[in-house]
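Q: One predicted model, sequence on top.
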Amino acid sequence: MTTLSHDHIVKSFDTELERLTGEIVAMGELSAVQLEKAIDALGKRDSHAAQCIVDNDDALDSQERRISQDVLRLLALRQPMARDLREVLAALRIASDIERIGDYAANVAKRSMTLNLSAPVPLVAGLSALAEVADEMVRDVLDAYRRRDAAAARVVWERDNQLDTLYTGLFRELLTHMMEDPRSITACSHLLFIAKNIERIGDHATNIAENVWFVVEG
(Lines give C-alpha, C1' and ligand atoms only; values in the text may rest on other atoms or scores of the structure.)
Protein backbone atom coordinates (compact mmCIF):
# COMPACT_ATOMS: atom_id res chain seq x y z
CA MET A 1 0.00 0.00 0.00
CA THR A 2 1.40 3.40 -0.94
CA THR A 3 1.96 6.07 1.71
CA LEU A 4 -0.57 8.32 0.00
CA SER A 5 -3.23 5.61 0.03
CA HIS A 6 -2.53 4.77 3.69
CA ASP A 7 -2.73 8.44 4.68
CA HIS A 8 -6.06 8.73 2.86
CA ILE A 9 -7.46 5.70 4.76
CA VAL A 10 -6.27 7.07 8.11
CA LYS A 11 -7.72 10.51 7.41
CA SER A 12 -11.00 8.99 6.26
CA PHE A 13 -11.26 6.88 9.42
CA ASP A 14 -10.49 9.90 11.60
CA THR A 15 -13.23 11.87 9.85
CA GLU A 16 -15.76 9.11 10.39
CA LEU A 17 -14.73 8.76 14.04
CA GLU A 18 -15.07 12.50 14.57
CA ARG A 19 -18.54 12.41 13.08
CA LEU A 20 -19.46 9.45 15.30
CA THR A 21 -18.20 11.30 18.38
CA GLY A 22 -20.32 14.31 17.44
CA GLU A 23 -23.42 12.12 17.13
CA ILE A 24 -22.79 10.53 20.53
CA VAL A 25 -22.18 13.85 22.28
CA ALA A 26 -25.37 15.28 20.73
CA MET A 27 -27.29 12.22 21.90
CA GLY A 28 -25.82 12.61 25.38
CA GLU A 29 -26.77 16.27 25.55
CA LEU A 30 -30.33 15.34 24.63
CA SER A 31 -30.43 12.81 27.47
CA ALA A 32 -29.21 15.48 29.90
CA VAL A 33 -31.92 17.87 28.72
CA GLN A 34 -34.47 15.10 29.21
CA LEU A 35 -33.38 14.74 32.84
CA GLU A 36 -33.46 18.48 33.44
CA LYS A 37 -36.94 18.78 31.96
CA ALA A 38 -38.18 15.76 33.92
CA ILE A 39 -37.09 17.30 37.21
CA ASP A 40 -38.63 20.63 36.22
CA ALA A 41 -41.92 18.92 35.33
CA LEU A 42 -41.80 17.06 38.65
CA GLY A 43 -41.34 20.26 40.65
CA LYS A 44 -44.05 22.10 38.74
CA ARG A 45 -46.44 19.12 38.73
CA ASP A 46 -46.75 19.56 34.98
CA SER A 47 -48.13 16.35 33.53
CA HIS A 48 -48.22 17.72 29.97
CA ALA A 49 -44.49 18.51 30.05
CA ALA A 50 -43.81 15.10 31.60
CA GLN A 51 -45.69 13.37 28.78
CA CYS A 52 -43.62 15.27 26.19
CA ILE A 53 -40.46 13.91 27.85
CA VAL A 54 -41.80 10.37 27.66
CA ASP A 55 -42.67 10.88 23.98
CA ASN A 56 -39.21 12.28 23.21
CA ASP A 57 -37.53 9.09 24.42
CA ASP A 58 -38.16 7.57 20.99
CA ALA A 59 -35.73 10.10 19.50
CA LEU A 60 -32.94 8.82 21.75
CA ASP A 61 -33.74 5.22 20.83
CA SER A 62 -33.52 6.10 17.14
CA GLN A 63 -30.18 7.84 17.64
CA GLU A 64 -28.77 4.83 19.45
CA ARG A 65 -29.83 2.49 16.62
CA ARG A 66 -28.24 4.80 14.04
CA ILE A 67 -24.99 4.98 16.02
CA SER A 68 -24.93 1.19 16.43
CA GLN A 69 -25.27 0.82 12.65
CA ASP A 70 -22.43 3.31 12.11
CA VAL A 71 -20.21 1.40 14.55
CA LEU A 72 -20.89 -1.93 12.84
CA ARG A 73 -20.16 -0.37 9.46
CA LEU A 74 -16.85 1.01 10.76
CA LEU A 75 -15.90 -2.39 12.16
CA ALA A 76 -16.73 -4.13 8.89
CA LEU A 77 -15.13 -1.65 6.50
CA ARG A 78 -12.12 -0.40 8.47
CA GLN A 79 -11.27 -3.41 10.64
CA PRO A 80 -9.65 -1.11 13.22
CA MET A 81 -6.86 -2.26 15.53
CA ALA A 82 -5.37 -1.12 18.85
CA ARG A 83 -6.63 2.32 19.94
CA ASP A 84 -8.84 2.68 16.87
CA LEU A 85 -10.63 -0.50 17.89
CA ARG A 86 -11.00 0.80 21.46
CA GLU A 87 -12.52 4.00 20.08
CA VAL A 88 -15.15 2.13 18.10
CA LEU A 89 -16.04 -0.33 20.87
CA ALA A 90 -16.27 2.49 23.42
CA ALA A 91 -18.59 4.42 21.10
CA LEU A 92 -20.97 1.45 21.06
CA ARG A 93 -20.91 1.13 24.84
CA ILE A 94 -21.29 4.86 25.46
CA ALA A 95 -24.28 5.11 23.14
CA SER A 96 -25.92 2.27 25.05
CA ASP A 97 -25.30 4.04 28.39
CA ILE A 98 -26.75 7.28 27.04
CA GLU A 99 -29.85 5.44 25.83
CA ARG A 100 -30.32 4.06 29.35
CA ILE A 101 -29.90 7.57 30.81
CA GLY A 102 -32.74 8.68 28.55
CA ASP A 103 -34.85 5.75 29.72
CA TYR A 104 -34.35 6.71 33.36
CA ALA A 105 -35.24 10.34 32.62
CA ALA A 106 -38.45 9.13 30.95
CA ASN A 107 -39.17 6.96 34.00
CA VAL A 108 -38.84 10.03 36.23
CA ALA A 109 -41.39 11.80 34.03
CA LYS A 110 -43.79 8.84 34.16
CA ARG A 111 -43.61 8.68 37.96
CA SER A 112 -44.17 12.42 38.21
CA MET A 113 -47.44 12.09 36.32
CA THR A 114 -48.60 9.49 38.82
CA LEU A 115 -47.53 11.73 41.71
CA ASN A 116 -49.65 14.55 40.30
CA LEU A 117 -52.76 12.50 41.03
CA SER A 118 -52.21 12.90 44.78
CA ALA A 119 -51.39 15.73 47.19
CA PRO A 120 -47.94 17.35 46.92
CA VAL A 121 -45.12 15.84 48.98
CA PRO A 122 -42.65 18.35 50.49
CA LEU A 123 -39.68 16.01 49.94
CA VAL A 124 -39.90 16.42 46.15
CA ALA A 125 -37.54 19.37 46.57
CA GLY A 126 -34.84 17.04 47.90
CA LEU A 127 -34.57 15.39 44.49
CA SER A 128 -33.31 18.58 42.88
CA ALA A 129 -29.87 18.36 44.51
CA LEU A 130 -29.58 14.70 43.54
CA ALA A 131 -30.58 15.43 39.94
CA GLU A 132 -28.21 18.40 39.73
CA VAL A 133 -25.20 16.23 40.57
CA ALA A 134 -26.31 13.52 38.13
CA ASP A 135 -26.84 16.10 35.39
CA GLU A 136 -23.40 17.63 35.98
CA MET A 137 -21.84 14.17 35.82
CA VAL A 138 -23.49 13.48 32.46
CA ARG A 139 -22.47 16.80 30.96
CA ASP A 140 -18.93 16.66 32.35
CA VAL A 141 -18.32 13.12 31.12
CA LEU A 142 -19.59 14.05 27.65
CA ASP A 143 -17.06 16.87 27.59
CA ALA A 144 -14.35 14.47 28.76
CA TYR A 145 -15.30 12.07 25.96
CA ARG A 146 -15.32 14.81 23.35
CA ARG A 147 -11.81 15.91 24.42
CA ARG A 148 -10.59 12.35 25.16
CA ASP A 149 -9.58 13.62 28.61
CA ALA A 150 -8.94 10.65 30.91
CA ALA A 151 -8.23 12.84 33.95
CA ALA A 152 -11.55 14.67 33.59
CA ALA A 153 -13.32 11.34 33.16
CA ARG A 154 -11.77 10.10 36.40
CA VAL A 155 -13.14 13.16 38.24
CA VAL A 156 -16.63 12.21 37.08
CA TRP A 157 -15.97 8.62 38.07
CA GLU A 158 -15.08 9.72 41.61
CA ARG A 159 -18.14 12.00 41.91
CA ASP A 160 -20.35 8.93 41.92
CA ASN A 161 -19.57 8.61 45.65
CA GLN A 162 -21.11 12.06 46.22
CA LEU A 163 -24.23 11.03 44.34
CA ASP A 164 -24.51 7.80 46.31
CA THR A 165 -24.23 9.73 49.58
CA LEU A 166 -27.00 12.13 48.54
CA TYR A 167 -29.17 9.22 47.46
CA THR A 168 -28.69 7.39 50.75
CA GLY A 169 -29.58 10.53 52.72
CA LEU A 170 -32.73 11.12 50.68
CA PHE A 171 -33.69 7.45 50.95
CA ARG A 172 -33.53 7.62 54.75
CA GLU A 173 -35.44 10.90 54.81
CA LEU A 174 -38.23 9.42 52.72
CA LEU A 175 -38.46 6.32 54.90
CA THR A 176 -38.69 8.48 58.02
CA HIS A 177 -41.45 10.55 56.43
CA MET A 178 -43.36 7.39 55.54
CA MET A 179 -43.14 6.11 59.11
CA GLU A 180 -44.29 9.43 60.54
CA ASP A 181 -47.16 9.82 58.08
CA PRO A 182 -48.50 6.51 56.68
CA ARG A 183 -50.74 8.48 54.31
CA SER A 184 -47.62 9.50 52.38
CA ILE A 185 -46.42 5.94 51.76
CA THR A 186 -47.69 5.71 48.17
CA ALA A 187 -46.32 9.10 47.11
CA CYS A 188 -43.01 8.55 48.89
CA SER A 189 -42.66 5.14 47.24
CA HIS A 190 -42.83 6.87 43.86
CA LEU A 191 -40.21 9.36 45.06
CA LEU A 192 -37.97 6.49 46.11
CA PHE A 193 -38.18 5.03 42.61
CA ILE A 194 -37.44 8.46 41.11
CA ALA A 195 -34.42 8.88 43.38
CA LYS A 196 -33.17 5.43 42.36
CA ASN A 197 -33.58 6.31 38.68
CA ILE A 198 -31.45 9.42 39.17
CA GLU A 199 -28.83 7.44 41.08
CA ARG A 200 -28.70 4.96 38.20
CA ILE A 201 -28.12 7.85 35.77
CA GLY A 202 -24.99 8.60 37.79
CA ASP A 203 -23.92 4.98 37.43
CA HIS A 204 -24.22 5.20 33.66
CA ALA A 205 -22.24 8.45 33.63
CA THR A 206 -19.59 6.53 35.56
CA ASN A 207 -19.68 3.76 32.95
CA ILE A 208 -19.03 6.37 30.25
CA ALA A 209 -16.13 7.75 32.29
CA GLU A 210 -14.64 4.25 32.51
CA ASN A 211 -14.91 3.90 28.73
CA VAL A 212 -13.18 7.25 28.17
CA TRP A 213 -10.37 6.00 30.40
CA PHE A 214 -10.33 2.73 28.44
CA VAL A 215 -9.97 4.59 25.13
CA VAL A 216 -7.15 6.84 26.30
CA GLU A 217 -5.20 4.60 28.65
CA GLY A 218 -6.03 1.14 27.31
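A: Arrived safely, thanks for sending.
Q: where's Cys20 relative to Ala134, distance?
A: Wrong residue type there; residue 20 is Leu, not Cys. For Leu20, the distance to Ala134 (C-beta to C-beta, to the nearest Å) stands at 25 Å. (Each C-beta comes from the backbone N, C-alpha and C, glycine too.)
Q: wait, doesn't Asn197 sit right on Val108?
A: Yes: at 5.3 Å, Asn197 counts as touching Val108 under the criterion of C-beta atoms under 8 Å.
Q: Return the distance of the helix or strand Phe171 falls within from the chain's centre.
A: Element membership for Phe171 (DSSP states H and E) is helix 150-180. Relative to its chain's centre, helix 150-180 lies at 16 Å (C-alpha atoms, centre = their mean, to the nearest Å).
Q: got a list of what the closest residue to Glu23 other than its chain neighbours touches?
A: The shortest distance from Glu23 to any non-neighbouring residue, by C-beta to C-beta, 6 or more residues apart in numbering, is to Ile67 (5.6 Å). Residues in contact with Ile67 (C-beta atoms under 8 Å, 6 or more residues apart in numbering) are Leu20, Glu23, Ile24, Met27, Ala91, Leu92, Ala95.
Q: and those residues, which of them are in helices?
A: Mapping the contacts of Ile67 onto helices (DSSP state H) picks out Leu20, Glu23, Ile24, Met27, Ala91, Leu92, Ala95.
Q: From those, list just the buried residues.
A: Buried members of those, counted by 16 or more other C-beta atoms under 10 Å: Leu20, Glu23, Ile24, Met27, Ala91, Leu92, Ala95.
Q: Go ahead and list the helix or strand containing the closest residue to the last one other than its chain neighbours.
A: The spatially closest residue to Ala95, leaving aside those adjacent along the chain, is Ile67, at 4.3 Å (C-beta to C-beta, 6+ apart). Secondary-structure element containing Ile67, defined by DSSP H and E: helix 47-78.
Q: Ile194 now?
A: Applying DSSP H and E as the criterion places Ile194 in helix 185-217.
Q: so for that helix, what's the average pLDDT?
A: Mean pLDDT, computed over helix 185-217, is 96.
Q: Report all helices and strands that that helix contacts.
A: Applying 3 or more C-beta pairs under 8 Å, 6 or more residues apart in numbering; DSSP states H and E, we find helix 185-217 packed against helix 3-44, helix 82-115, helix 126-147, helix 150-180.
Q: mind checking which of those is nearest Asp61?
A: helix 82-115 (6.5 Å; C-beta to C-beta).
Q: List the buried residues for the closest one?
A: 84, 86-92, 94-113, 115.
Q: Please apply the same query to stretch 41-60.
A: Within stretch 41-60, the residues scored as buried using 16+ other C-beta under 10 Å are Ala41, Leu42, Asp46, Ser47, Ala49, Ala50, Ile53, Val54, Asn56, Asp57, Leu60.
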